[in-house]
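Undergrad: any chance you could fold what I've pasted below:
(one chain, ligands or ions: 1)
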Amino acid sequence: MQGVRSLDCSLAMSSLNLNVDVNQNGDIKKADTLDDINDIDFSKLLEKPRPLNIERLRSLDERSLTELSGSPQLRNADNASRVHDHADYVASPSVGRRSGFNTPRSVHGFESHPMVGEAWDALRRSMVYFRGQPVGTIAAVDNSEEKLNYDQVFVRDFVPSALAFLMNGEPDIVRNFLLKTLRLQSWEKKIDRFQLGEGVMPASFKVFHDPVRNHETLIADFGESAIGRVAPVDSGFWWIILLRAYTKSTGDSSLADMPECQKGIRLILSLCLSEGFDTFPTLLCADGCCMIDRRMGVYGYPIEIQALFFMALRCALLVLKHDGEGKEMVEQIVKRLHALSYHMRSYFWLDLKQLNDIYRYKTEEYSHTAVNKFNVIPDSLPEWIFDFMPSHGGFFIGNVSPARMDFRWFALGNCIAILSSMATPEQSTAIMDLIESRWEELVGEMPLKVCYPAIESHEWRIVTGCDPKNTRWSYHNGGSWPVLLWLLTAACIKTGRPQIARRAIEVAEARLHKDNWPEYYDGKLGRYVGKQSRKCQTWSIAGYLVAKMMLEDPSHVGMVALEEDKQMKPVMRRSNSWTC
Ligand code: GLC
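TA: Model (predicted):
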């Protein structure tokens, strides 16, 4: 059945015209590898059986990584793990696409909150069409502010929209988005005279309508137009994560199986898996290459990128074909995952005991016996961390590199750590404990702080370069972002603590719609609509919907969660207090 579907797709594609796209400078760019899917007629491509009406079982079982790393399985080209990833679906005629255009399906009084209907209407208003087909959602439908690039479809912003559509039984827009962005990946990307890696995915794109020729083309930004000129390292990871969510949700692997998709995954990961001067398995990157896309001291090895990298590697294992070129990459991925989980669980993890150990660190150690491997000077520990750390609880800190630990809390990285099982079950529980005990600081009057605490005064000047948008407790610098609600909710459900999510959603419901879905809130408690916050921000809307739908039907979490690989055990580290 799937074979037939892939054949349909490739036949549809090969009959299509060649097309060229124009970038922002007006340069003509031609796909060098994907000519065939250039100018895809989506209606043909989507000529496939309607998505199965599926009922998801509540099991989140996945195949163990280490099982996969065993050479017999790898040699067995036939992707048992990929099959297994879809195995928890059974056909059910009773659940499927929601009927009315604007009306979400109601099963257990889900739409009882009037905000849900409003949110669906707003989400649909944000849909972007390319040659008649929906291909994404615009970042913000806010005409009152200068648009900048908020009129674009951002890859990271589209993820919660995509999940909302998938959960609502509307996978077509997600499929179109995945194919269109894949097509953009094959562009030649240049900043001045420097060419970016082939695998780089765009931060965002928009549809350009030429009124004279009455023709639509896509314009993409890979960082060459972005403020700060940083390439979005997270885009490729989100793309892989979304491809797996699509496959998991629809049970349709024909998209992921397309040679173009397989190649796209390999190109993205080749950027990260190539050998170099690295001494750590973490990914070295520039400031501002992820959701926090301005200078905020998130250069080096930021937790957001490391967690997304881990999640994308695990998702890639589930959608990559384990044969031919895929097999070699699978082997690389498995090795990297083992090293990465060890590194993250050992060196990024902070709880009371670990904090106390660091506080008592000796410095200037040399050789393999060093405990303080990165030579962190205890005097560099910030004051706030001693009060912030609860007796029960812990989290992955913001960054670890030579002589530098960034102790700030970052919400996205910690939630993804839970969802990807980069965190052990004990660590996941500890993160939830921390959120509960530091509720006022991290949730306050609007979920959820993007990072905590804010940097101020001299430190703000040095770290942000005096960024007027990132003043203390505003925007990326300790601002509260409603979009993070979906990640929090997914993490809560995965750790068996849905009541925490319910509480956070209630807090958000008190204001979000009334305030017209702001992008972010300011202030220590998140009491103020952000200084330059856009209204009608799509991922605030979609994040809320996804959170609500997951609470209503927790099996949806399976789209974005991976069970722990039992073999990746936490490491017992030598620590000062254990050595006598
Ligand atoms: C801001 C955010 C970024 C987001 C973009 C569009 O730049 O920092 O994460 O993708 O807005 O909403």
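
Undergrad: for the one helix or strand residue 507 maps to, the distance to its chain's centre please.
TA: Using DSSP states H and E, residue 507 sits within helix 498-509. Chain-centre distance of helix 498-509: 21 Å, with CA atoms, centre = their mean, to the nearest Å.

Undergrad: other SSEs contacting it?
TA: Counting contacts by 3 or more CB pairs under 8 Å, 6 or more residues apart in numbering; DSSP states H and E, helix 498-509 is packed against helix 425-437, helix 484-494, helix 538-552. Any C-beta I mention is one placed from the backbone N, CA and C, and that applies to glycine too.

Undergrad: what's the single longest helix in this protein?
TA: Criterion DSSP state H: the longest helix present in the chain is helix 324-343.

Undergrad: list the buried residues of that one.
TA: For helix 324-343, the neighbour count (16 or more other CB atoms under 10 Å) marks 326, 329-330, 332-334, 336-338, 340-341, 343 as buried.

Undergrad: what does stretch 299-312 give?
TA: 299-312.

Undergrad: now, which of the residues you listed sits nearest the ligand?
TA: Nearest to the ligand among the buried residues of stretch 299-312: residue 304, at 10.2 Å, using CB to the nearest ligand atom.

Undergrad: helix/strand/coil for that closest one?
TA: helix (DSSP: H, G, I helix; E, B strand; the rest coil).

Undergrad: doesn't residue 416 make contact with it?
TA: Yes - applying CB atoms under 8 Å, one finds residue 304 in contact with residue 416, separated by 7.5 Å.

Undergrad: on that earlier part again, which one of the buried residues of stretch 299-312 is nearest to residue 553?
TA: Each of those was checked against residue 553 using CB to CB; the closest is residue 311, at 21.7 Å.

Undergrad: neighbours of the closest residue in space to residue 348 that isn't next to it in sequence, just the number please.
TA: Closest residue to residue 348 apart from its sequence neighbours, by CB to CB, 6 or more residues apart in numbering: residue 396 at 4.5 Å. Using other CB atoms under 10 Å, the number of residues around residue 396 comes to 26.

Undergrad: burial count for residue 209?
TA: Neighbours of residue 209 using other CB under 10 Å come to 11.

Undergrad: okay, stretch 552-569 in PDB with CA atoms only?
TA: What follows is stretch 552-569 as a C-alpha-only set of coordinates in PDB (Å, rounded to 0.1, in the frame of the first residue of the first chain):
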ATOM      1  CA  GLU A 552      -8.100  16.300  26.200                       C
ATOM      2  CA  ASP A 553      -6.500  13.300  24.500                       C
ATOM      3  CA  PRO A 554      -3.100  12.600  26.100                       C
ATOM      4  CA  SER A 555      -2.200  10.100  23.300                       C
ATOM      5  CA  HIS A 556      -1.500  13.100  21.100                       C
ATOM      6  CA  VAL A 557       1.700  13.500  23.100                       C
ATOM      7  CA  GLY A 558       3.100  10.400  21.300                       C
ATOM      8  CA  MET A 559       3.700  12.700  18.300                       C
ATOM      9  CA  VAL A 560       6.300  14.700  20.100                       C
ATOM     10  CA  ALA A 561       7.500  12.300  22.800                       C
ATOM     11  CA  LEU A 562      10.000   9.500  22.700                       C
ATOM     12  CA  GLU A 563      10.300   6.800  25.400                       C
ATOM     13  CA  GLU A 564      13.600   6.400  27.300                       C
ATOM     14  CA  ASP A 565      16.100   4.000  25.800                       C
ATOM     15  CA  LYS A 566      16.600   1.800  28.800                       C
ATOM     16  CA  GLN A 567      20.200   1.100  27.900                       C
ATOM     17  CA  MET A 568      21.200   4.800  28.100                       C
ATOM     18  CA  LYS A 569      21.700   4.700  31.800                       C
END
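
Undergrad: report the mean per-residue pLDDT for it.
TA: Here stretch 552-569 scores 88 as its mean pLDDT.

Undergrad: doesn't residue 247 fall inside a helix?
TA: Yes - counting by three-state DSSP, residue 247 is part of a helix.

Undergrad: which residues of this protein lie near the ligand?
TA: 139, 154, 156-157, 291, 293 (CB under 6 Å from any ligand atom).

Undergrad: again, 5 Å this time
TA: Within the chain, the positions near the ligand by CB under 5 Å from any ligand atom are 139, 154, 157, 291, 293.

Undergrad: nearest residue to the third one other than its sequence neighbours?
TA: Which is residue 157. Using CB to CB, 6+ apart, the closest residue to residue 157 is residue 539 (4.5 Å).

Undergrad: so who does that neighbour touch?
TA: 139, 157, 159-161, 483 (CB atoms under 8 Å, 6 or more residues apart in numbering).

Undergrad: ok, of the residues you listed, which come out buried?
TA: By 16+ other CB under 10 Å, the contacts of residue 539 give 139, 157, 159-161, 483 as buried.

Undergrad: next, give phi and psi for residue 410.
TA: For residue 410, the backbone dihedrals are phi -120, psi 120 (criterion: degrees, to the nearest 10).

Undergrad: so where's the stretch 301-450 of the chain shaky on pLDDT?
TA: Residues of the stretch 301-450 of the chain meeting the criterion pLDDT under 70: none.

Undergrad: that one: helices as residue ranges?
TA: Taking DSSP state H, counting those that start in this stretch as the test, the helices found in the stretch 301-450 of the chain are 303-319, 324-343, 352-359, 384-388, 411-420, 425-437, 439-442.

Undergrad: and the first one, what other elements does it pack with?
TA: In terms of contacts (3+ CB pairs under 8 Å, 6+ apart), helix 303-319 is packed against helix 65-69, helix 80-85, helix 233-250, helix 259-273, helix 324-343, helix 411-420.

Undergrad: re the thing from before, turn the helices of the stretch 301-450 of the chain into CSV, including distance to residue 125.
TA: Below are the helices of the stretch 301-450 of the chain laid out as CSV (distance: least, CB to CB, whole Å):
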stretch, distance to residue 125
helix 303-319, 29
helix 324-343, 39
helix 352-359, 47
helix 384-388, 40
helix 411-420, 26
helix 425-437, 32
helix 439-442, 31
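
Undergrad: so how many other residues sit close to residue 361?
TA: Per other CB under 10 Å, the neighbour tally for residue 361 reads 17.

Undergrad: again, but for residue 459
TA: Count around residue 459 with other CB under 10 Å applied: 13.

Undergrad: and what of the one 10 residues further on?
TA: Per other CB under 10 Å, the neighbour tally for residue 469 reads 15.

Undergrad: and it, helix, strand or coil?
TA: Quick answer, by three-state DSSP: residue 469 is coil.

Undergrad: leaving out chain neighbours, which residue sits closest to it?
TA: Distances taken as CB to CB, 6+ apart put residue 475 closest to residue 469, at 5.3 Å, once the chain neighbours are dropped.

Undergrad: again, but for residue 394
TA: Nearest to residue 394 is residue 351, by CB to CB, 6+ apart, at 3.2 Å.

Undergrad: which members of the residues of the chain next to the ligand are positioned in strands?
TA: residue 154 (DSSP state E).

Undergrad: I'd like the residues of the chain next to the ligand as JSON lines, with pLDDT appended.
TA: Output for these, formatted as JSON lines (pLDDT from 0 to 100):
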{"residue": "139", "pLDDT": "97"}
{"residue": "154", "pLDDT": "98"}
{"residue": "157", "pLDDT": "98"}
{"residue": "291", "pLDDT": "96"}
{"residue": "293", "pLDDT": "95"}
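
Undergrad: how about the contacts made by the residue most central in space within the chain?
TA: Centroid check for the chain by CA atoms, centre = their mean gives residue 238 as the closest residue, at 4.6 Å. Neighbouring residues of residue 238 by CB under 8 Å, 6+ apart: 155-156, 159, 308, 312.

Undergrad: pLDDT on stretch 173-187, on average?
TA: Per-residue pLDDT over stretch 173-187 has a mean of 97.
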